[in-house]
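A.B. asks: just coords:
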DNA sequence: GAGTGGTCTAGACCACAAC
DNA sequence: TTGTGGTCTAGACCACTCC
């Protein structure tokens, strides 16, 4: 039912600004994506073909192809030789994001708080060196331990190790959103490797998370780099099980 | 330390086969990737620049760009305007795969077994309809429940729902590798959405997994499509906590 | 200023799908 | 046979980085 052929491709009302510093292929991709998310194009609809689109918009074919290829990589459309380009179901379009728990809580309308439990600077600890990243042994790391609460309820214990050239101070951590802080410093988080496992809480975790009986928790470890390959963060987080689930989109 | 500039870009010994049906940009990307994984290019090395590479190999620039852009998207190299293209650390190159537990066990040298607990065909159950995928209510689904063991030890309980047009029979499931089976039918698994959470086992899970005391488990739910947007599988799996961890690479 | 990648053009020919 | 996307060429100009 998804791939029912609509007989006629839909022409979109697209306006390109050639004076803008934004690349044309990006403007085009954005316009098509907007039409899809706005429901102007629904799953199964066929896009206007490349030749028609390029002549109508006054573009060269490779420019339009670059835009559409981007959407195909994102899983918004499928391209089939001899057939055309079709819009895919919105359900499969969610992308894996490198989001923080803080952002997730804000997005879901809850009010997160953060309590800084400890802040230390020192040489890389064994658990940092053993995380799989290649680390210059001389590098100093800032180690922070924080408790995250949502609407007053303890949710997670977060231990983060950050290279000290980032110069993150205790004051920087006051408002709690570590990834927002990094982004504001012009760091583009690029690729992360994350391991997730489940286990019973330790007694200390139980105490910090105000659980009276030991229950299950989710333990994550992530290694985050920036787009130039610099190691930015190693995080070991423990989440109260019933209060948190991890959403991941996999692209094989 | 990672981004130390090597003064001289390294010229690779690349042979392209213009009679091959494999696209030139793909041959080139593969050759460069092979040089990186073989250690011929090490992290921090600079790639030969585009103009030199294209004139040396007799290619047009867009062709070479397409190859290098592919590697940049995979996180193998970084490109910087005015600087060049550098090889990134191998540590961050692991990609999220849509792998099955079966493949993972084989890869780690253990011998997986699968026991089929139940096999039913019927209309979509509520838990299928509520999974977030848009499903034609009339579609029939095959529901299978399996127990996965590694070296004789129960590891996971797996419940899968598959649309019946796939015509998966009980016999098909004998050797256990569901994803391998799907691939052999020419289905390209494309995008999945997966939710992971931790909780305590239920009594029945405890019994099936031969755990005498209730312990933590990891529960995953994944929705899998193919590259044309067809719904292929909905899976709800429960893993014994200490025996399994999920590896995920995130690309924001 | 020299060297790099980023964008864009205006074509060409081919492979595949549908009719 | 016609229409579609897939690949490829041979250039052009621009923006950024480093010296």
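C.D. replies: Looks like it came in fine. These figures come from a predicted structure and were not determined experimentally. Numbering: from 1, shown residues only, chains lettered A, B, ... in the order given.

A.B. asks: how many neighbours does the residue in chain A positioned nearest to DNA strand D have?
C.D. replies: Here chain A gets closest to DNA strand D at one residue, residue A:82, 2.7 Å apart by Cβ to the nearest atom of the strand. For every residue, glycine as well, the C-beta is placed using N, CA and C. Using other Cβ atoms under 10 Å in any protein chain shown, residue A:82 has 4 neighbouring residues.

A.B. asks: now do residue A:33
C.D. replies: Residue A:33, neighbours per other Cβ under 10 Å, totals 18.

A.B. asks: isn't it right up against residue A:68?
C.D. replies: No. Here residue A:33 lies out of contact with residue A:68, judged by Cβ atoms under 8 Å, at a distance of 10.6 Å.

A.B. asks: ok, and for whichever strand or helix holds residue A:205, which residues are buried?
C.D. replies: Using DSSP states H and E, residue A:205 sits in helix A:203-208. Buried residues in helix A:203-208, counted by 16 or more other Cβ atoms under 10 Å in any protein chain shown: A:205, A:206, A:208.

A.B. asks: Where does chain A get nearest to DNA strand C, which residue?
C.D. replies: The nearest approach of chain A to DNA strand C comes at residue A:82, 2.3 Å away (Cβ to the nearest atom of the strand).

A.B. asks: Tell me if that residue really is in a strand.
C.D. replies: No. Read with DSSP: H, G, I helix; E, B strand; the rest coil, residue A:82 is coil and lies in no strand.

A.B. asks: interface residues of chain A facing DNA strand D?
C.D. replies: Neighbours of DNA strand D within chain A, by Cβ under 7 Å from any atom of the strand: A:9, A:47, A:49-52, A:61-62, A:65, A:69, A:79-85.

A.B. asks: quick one: low-confidence ranges for the stretch 151-252 of chain A?
C.D. replies: Residue ranges of the stretch 151-252 of chain A with pLDDT under 70: A:191-192, A:243, A:245-252.

A.B. asks: Okay, helices next: where are they in it?
C.D. replies: Secondary structure of the stretch 151-252 of chain A (DSSP state H, counting those that start in this stretch): helices located at A:178-184, A:203-208.

A.B. asks: want to try a markdown table for these, with distance to residue B:223 as columns?
C.D. replies: Converted to a markdown table, the helices of the stretch 151-252 of chain A look like this (distance: least, Cβ to Cβ, whole Å):
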| stretch | distance to residue B:223 |
| --- | --- |
| helix A:178-184 | 27 |
| helix A:203-208 | 31 |
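
A.B. asks: Compare those helices and give me the one nearest residue A:108.
C.D. replies: Closest of these to residue A:108 is helix A:178-184, at 16.3 Å (criterion: Cβ to Cβ).

A.B. asks: Remind me what that closest one packs against, helices and strands.
C.D. replies: Where contact means 3 or more Cβ pairs under 8 Å, 6 or more residues apart in numbering or on different chains; DSSP states H and E, helix A:178-184 is packed against helix A:101-107, strand A:189-200, strand A:231-240.

A.B. asks: one more time with 7 Å, if that's ok
C.D. replies: Contacting helix A:178-184 under the criterion 3 or more Cβ pairs under 7 Å, 6 or more residues apart in numbering or on different chains; DSSP states H and E is no other helix or strand.

A.B. asks: how far is that helix from where the chain is centred?
C.D. replies: 13 Å (Cα atoms, centre = their mean, to the nearest Å).

A.B. asks: same check, this time on stretch A:64-73
C.D. replies: So, by Cα atoms, centre = their mean, the centroid of stretch A:64-73 is 21 Å from its chain's centroid.

A.B. asks: Might you enumerate the residues of the stretch 1-150 of chain A proximal to DNA strand C?
C.D. replies: Applying Cβ under 7 Å from any atom of the strand, we find that the stretch 1-150 of chain A lies next to DNA strand C at A:23-26, A:58-63, A:66, A:80-83.

A.B. asks: Next, the contact list for residue A:182, please.
C.D. replies: A:189, A:232 (Cβ atoms under 7 Å, 6 or more residues apart in numbering or on different chains).

A.B. asks: what's in contact with the helix holding residue A:205?
C.D. replies: Here helix A:203-208 has contacts from A:147, A:154, A:157, A:214, A:217, A:238, using Cβ under 7 Å, 6+ apart.

A.B. asks: so how far is residue B:121 from residue A:148?
C.D. replies: 45 Å (Cβ to Cβ, to the nearest Å).

A.B. asks: In terms of packing, which of the two has more residues around it?
C.D. replies: Comparing residue A:148 with residue B:121 by other Cβ under 10 Å, the one with more neighbours is residue A:148, at 23 against 12.

A.B. asks: out of the residues of chain A next to DNA strand D, which are buried?
C.D. replies: Looking at the residues of chain A next to DNA strand D with 16+ other Cβ under 10 Å, the buried ones turn out to be A:9, A:47, A:50, A:65, A:69, A:84, A:85.
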